[in-house]
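Q: heads up, no residue letters with this:
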Ligand code: C5P
């Protein structure tokens, strides 16, 4: 998990995914992030088939429900052979603990338990929404730290955050926690809709444990070359 570079498969159809995977090659050395869009369309069989081919999968389903439901969902997820998955830290410590327990209980004997990563506040939530809709009296920075601390205490293995947040989070939450960071752009390239970006080299310097990269790879003329470049910079 440490130093992994996950390619975000933000596609709505399997053909585009398979085309990209053919270009990338090397399933054993390739880390993929599958989100809700692909998962809700193609389901667990698709995930299992990628795992069988040797890919390492980050299944980003952002679970958020009552603890028992999350426990049961996590137990199912653990049977897919994936590397890591996500929950919303806003679901509370009992729910995070239930997710962790579900992952442990669902992991087939002899397999490694998937890592549990927590999402703190979504990057789409502004300070204004935090105050007016979530009625939170903390600043965004304080709230992110608080949620990360709660997640860690409840048994999560890490958080998803901006590379620019890692230093502060590490100081306040600890180095014995994974900091998985999207918002990665190679220097001089388009930023798309990402606002707070860092290069793989900068992310490494700032202490990211693993990267999530989508469009810079998926929209590249030569995705394999860009993936190799990013991995080299980061590793
Ligand atoms: O294409 P791009 O590199 O911007 O994709 C980044 C991936 O990371 C997308 O799948 C996006 O949903 C995800 N992500 C993010 N910011 C977050 C959490 C997840 O960009 N805060």
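A: Arrived safely, thanks for sending. Only a predicted model underlies this, so the values are computations on that prediction, with no experimental measurement involved.
Q: Quick one: neighbours of the closest residue to the ligand within the chain, just the number.
A: Proximity to the ligand, evaluated over the chain using CB to the nearest ligand atom, is greatest for residue 214 at 2.5 Å. Bear in mind the C-beta positions are built from the backbone N, C-alpha and C, glycine included. Close neighbours of residue 214, defined as other CB atoms under 10 Å, add up to 19.
Q: Run a quick check on it versus residue 6, I expect a contact.
A: No - using CB atoms under 8 Å, residue 214 is not in contact with residue 6; the gap is 9.2 Å.
Q: what touches both of these two?
A: When contacts are counted by CB atoms under 8 Å, 6 or more residues apart in numbering, the set common to residue 214 and residue 6 consists of residue 33.
Q: For the residue of the chain closest to the ligand, give me the pLDDT.
A: The score at residue 214 is 96. That number is its pLDDT.
Q: ok, now the one 4 residues further on?
A: Turning to residue 218, the model gives it a pLDDT of 96.
Q: Does the helix ranked longest in the chain reach the ligand?
A: Using DSSP state H, we find that the single longest helix of the chain is helix 36-52. No - Helix 36-52 does not reach the ligand (CB under 6 Å from any ligand atom); its nearest approach is 9.1 Å.
Q: Run through who's touching that helix.
A: Counting by CB under 8 Å, 6+ apart, 9-14, 17, 27, 32, 34, 57, 59-62, 76, 80-82 sit against helix 36-52.
Q: one more time with 10 Å, if that's ok
A: Residues outside helix 36-52 that contact it (CB atoms under 10 Å, 6 or more residues apart in numbering) are 9-14, 16-17, 21, 27, 30, 32, 34, 55-57, 59-62, 76-77, 79-83.
Q: Can you list the buried residues in that helix?
A: Using 16 or more other CB atoms under 10 Å as the test for burial, helix 36-52 gives 38-39, 42, 47, 50-51.
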